[in-house]
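1. Okay, here's the prediction I keep looking at, along with the sequence it came from:
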Amino acid sequence: MKAANTLERVLAILELFSEDHLAWTPEELMSELGYSRPTLYRYLKMLKEAGLLASSRHAGFTLGPKVVEMDYLLRKSDPLVLLGARYLRDLAGTYPATVLLVRWYGSRILCVASECSTPDPLTSYPRGRPMALVRGAIARSIMAFLPKRRLMPMIAGNLDELRSLGLGAGPAEIYESFRRVKRAGAAVCYGEVTPGVIGIAAPVFDGGRIPVASICVTIAGNRVGGAEIEAIAGAVRQATAALSRELAGPPDRIAEQ
């Protein structure tokens, strides 16, 4: 139990790093976490020796080189990234768009791979930048396929934002809007995340009933009409269905794509 508590307290330090707070001084960490100075410095020493943190006299503590090494290993080993690569390439090769592969974990959604066939990427969220939990086609495509017992608390916890997006006046109406997305098999959103950009997304499964990821085509709204959007939605559904079958298949060795 003590080891588990220590691990949780060490991980809590890493959880504090974000785009809004890239570096922390020991004083800030003690204030935020409530750790004693000896305890905090013991944890910081562990993390620095592991390469998970680095320090400088002026910047305080930042994430360390081990994070980069682990990201390299993830790119070479994650079945979702390796198997999904060709579907991203195919979609980006067919449409003038940015195509994102986004993983859902805990309460976060995060781009883990992308392909772009336009001069400028049509997304506000490059690889590694957490996305909004309930806003946009990616979030909608995942939430719509969650069981009701998991979806309803998420609706209740984000009710004001979901109302502001026009999904309904109350939990029951919003739930029905997610049901419509599930019946369609894909979510289509207009400018909810990046102004002027349409997102068209469908969920990815790995053999279970709950999505593990989503593939999203983001395309300039002035490039497509209703028929083109439906065609893209169909292509995304086909891609995610094929990727889901591969992920659910036997664990053969996955060659780098």
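-> Yep, it's here. Numbers count the residues shown, from 1 in each chain.
2. For this structure, which helix or strand comes out least confident on mean pLDDT?
-> When each helix and strand of the chain is scored by mean pLDDT, DSSP states H and E, strand 130-131 comes last, with a mean of 82.
3. helix or strand right after that strand?
-> For strand 130-131, the succeeding helix or strand toward the C-terminus, using DSSP states H and E, is helix 137-143.
4. can you pull the buried residues of the next helix or strand after that following helix?
-> Secondary structure here is assigned by DSSP H and E; on that basis, the next helix or strand after helix 137-143 toward the C-terminus is helix 148-157. Along helix 148-157, these residues count as buried under the neighbour rule (16 or more other C-beta atoms under 10 Å): 151-152, 154-155. Yep, even glycine has a C-beta here, placed from its N, CA and C like the rest.
5. Parallel or antiparallel, list what pairs with the least confident helix or strand of the chain.
-> Taking DSSP bridges as the criterion, strand 130-131 sits next to strand 108-116 (antiparallel) in its sheet.
6. For the partner strand, list the C-alpha coordinates in PDB.
-> Written as PDB, here are the backbone C-alpha positions of strand 108-116 (Å, rounded to 0.1, in the frame of the first residue of the first chain):
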ATOM      1  CA  ARG A 108      -8.700  13.000 -22.300                       C
ATOM      2  CA  ILE A 109      -8.600  12.700 -26.000                       C
ATOM      3  CA  LEU A 110      -5.200  13.100 -27.700                       C
ATOM      4  CA  CYS A 111      -4.000  13.100 -31.300                       C
ATOM      5  CA  VAL A 112      -1.400  10.300 -31.700                       C
ATOM      6  CA  ALA A 113      -0.900  10.500 -35.500                       C
ATOM      7  CA  SER A 114      -2.000  12.600 -38.500                       C
ATOM      8  CA  GLU A 115      -1.600  13.000 -42.200                       C
ATOM      9  CA  CYS A 116      -2.100  16.300 -44.100                       C
END
